[in-house]
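> build me a model:
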Amino acid sequence: MKISVRDGNYITAVILITSIIFWIILLVNPGGIMGIKHCHMTADGASNVSLQMMLQMNPFSEMMTGWILMVLAMMLPKLISPVQYIYARSLKRRRFWLSLLFVLSYTMVWTVMGVVMNAVILGFNLLLPGGSYIPALIVGIVALIWQFSPVKQMCLNRGHDHISIAAFGWAADRDVLKFGIMHGIWCIGSGWGLMLFPMILPEGHNLAMILVTVIMISEHMEHPRYPRWNFDFRLKLIRIMVARIKINCKRKEEIQHQVHFDMTEKFL
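Numbering: from 1, shown residues only. Sure thing, here's the model as predicted:
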């Protein structure tokens, strides 16, 4: 069963608008939840006292709130296709609930991963002086190697898997819950390094998040490939945008040329 073009556009619009709302919240950054506040090290260096001071300045609950907002802003556009798939295979009265359940279960997986990510960020900030770019350099190199690895390609391939969904009751809930969890796991496998990099930067979080979002959406748009080392950034979204700009420019030139030709004929 396929959904209509109208329903597909409606789902796309709702998800993109929701993503934009979360982006606005991130850019406004209420309470400074997207940046970690540094404190001076104690004489003992990375100690329990230093950790307690850092947690007082950066409550873990606020760090997790920032992480969840970041996930929703950056990842929601990647869920358009799975939500459309669920919508097409669900009873009309259950479509909204099953779509919401999928997004919630997907977000839950990323939330669990956020605990690990924020622990890593705290660890880096305890071991290295505040404002250091060394953690970002380390994570960036690891993420770059992972970007070209066969394991990442395998995770991207599995992210295209769409499982069968029952039509009724708990069976449908169970299938969608499993779908969301597995989709989240494969997304983490492919994008954990890209997601960690913006968070660990001392400055420039917003620009880095935008660039990472473009990369992650682009690679999600690529067709599955054989898992192997492949030095390709998978920038399909950028290629599409460039192609459309060229097409629009060409159409504009053709229109201007036609208008000029018509005006010339008129005066002749």
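
> residue ranges with poor pLDDT in the protein?
Applying pLDDT under 70 to the chain flags the ranges 1, 31-47, 129-130, 262, 265-268.

> the helices in it, which residues?
Applying DSSP state H to the chain gives helices spanning 5-28, 48-57, 60-75, 80-88, 95-127, 134-147, 150-158, 169-200, 205-221, 236-267.

> out of these, the one nearest Asn230 is which?
helix 150-158 (6.6 Å; C-beta to C-beta). Just so you know, the C-beta spots here come from the backbone N, C-alpha and C atoms, and that holds for glycine as well.

> hmm, who's touching that closest one?
Under the criterion C-beta atoms under 8 Å, 6 or more residues apart in numbering, residues 146, 182, 186-187, 189-190, 219-220, 222, 224-230 lie in contact with helix 150-158.

> for it, output the C-alpha coordinates as CSV.
Presented in CSV, the C-alpha positions along helix 150-158 are these (Å, rounded to 0.1, in the frame of the first residue of the first chain):
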residue,chain,number,x,y,z
PRO,A,150,32.9,-0.7,6.1
VAL,A,151,31.2,-0.9,9.6
LYS,A,152,29.6,2.5,9.0
GLN,A,153,28.4,1.5,5.6
MET,A,154,26.9,-1.6,7.1
CYS,A,155,25.0,0.5,9.6
LEU,A,156,23.8,2.8,6.8
ASN,A,157,22.6,-0.2,4.8
ARG,A,158,20.7,-1.6,7.8
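
> in that helix, what counts as buried?
For helix 150-158, the neighbour count (16 or more other C-beta atoms under 10 Å) marks 152-158 as buried.

> and of the residues you listed, the nearest to Ala88?
Nearest to Ala88 out of the buried residues of helix 150-158 is Arg158 (C-beta to C-beta; 20.8 Å).

> measure that closest one to Pro224 for me?
Arg158 is 9 Å from Pro224, where distance means C-beta to C-beta, to the nearest Å.

> got it, and Gly66?
33 Å.

> could you check how far Gly180 is from Pro59?
Distance from Gly180 to Pro59, by C-beta to C-beta: 28 Å.

> next one: Phe233
Separation of Phe233 from Pro59 (C-beta to C-beta) stands at 36 Å.

> can you check Arg6 too?
The value you get for Arg6 to Pro59, if C-beta to C-beta is used, is 45 Å.

> more crowded one of the two?
Neighbours per residue (other C-beta atoms under 10 Å) separate Arg6 from Pro59, with Pro59 holding more: 12 against 8.
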